[in-house]
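*Asks:* Return atomic coordinates for the entry below.
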Amino acid sequence: MAAFMSTQWAQQVKAQANSWPDAERRASKLVDFWDWIDMVKPFVTGRLSLSVRDMPDGAEGDTLCLEFEAGVVTDATVCRRAAAEAGSAFLLAGSYQDWMSMLDGYDVGKMVMYRKLMLEKGDTLAFFTPAFFWTELLAAIQSVPAETFDAVPA
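*Replies:* Purely as a prediction, here's the structure:
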């Protein structure tokens with residue numbers, strides 16, 4: 001199992017995002033939902049960065065950067081937020097504890113709705129137009145196993 005916020009984990013996230021959804025996930029939602037995802041997917045281009053505000057020591061970085069071209073993840077890296085932010089169209093950030101809750105199965109839609117992952121950079125309307133695309137991306141990320149850190153920062 002790859003460590004959370006590591007290069008290996010980022011590559012697993014990329015592979016999962018690009019093969020998402022599996023048949024079971026697809027069957028759990030209406031066909032119209034997936035048709036809508038397919039309709040907006042070609043317009044998703046640029047970098048989305050997902051950051052941990054209080055990442056424990058020992059990680060390669062605190063931010064997962066996903067480069068999109070027409071809804072396909074073309075690159076996935078882990079770096080420090082300062083390096084990621086400048087080139088990002090959107091940046092979402094949450095606490096380490098909230099990230100751990102998501103990886104443990106917390107509802108990904110609620111992660112955004114209840115501001116556990118907050119949009120800290122990028123146009124709000126442009127981000128929320130393909131909102132269901134992003135929540136499905138979070139679900140794909142959530143499904144990638146990750147070795148987490150024992151220490152939770154204070």
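*Asks:* Just confirm residue 8 contacts residue 2, I think it does.
*Replies:* Yes: between residue 8 and residue 2 there is a contact at 3.8 Å, judged by C-beta atoms under 8 Å. Placement of C-beta: from N, CA and C, glycine included.
*Asks:* Spatially nearest residue to the spatially most central residue of the chain (excluding sequence neighbours)?
*Replies:* Geometric centre of the chain, nearest residue: residue 138, 4.6 Å, by C-alpha atoms, centre = their mean. In space, and not counting its chain neighbours, residue 138 is closest to residue 108: 3.8 Å by C-beta to C-beta, 6 or more residues apart in numbering.
*Asks:* wait, is the residue nearest to the centre of the chain part of a helix?
*Replies:* Yes: judged by DSSP: H, G, I helix; E, B strand; the rest coil, residue 138 forms part of a helix.
*Asks:* how close does residue 143 get to residue 6?
*Replies:* 17 Å (C-beta to C-beta, to the nearest Å).
*Asks:* for residue 92, same thing?
*Replies:* Applying C-beta to C-beta to residue 92 and residue 6 gives a distance of 19 Å.
*Asks:* The two: which is more packed in?
*Replies:* residue 92 (23 against 17; other C-beta atoms under 10 Å).
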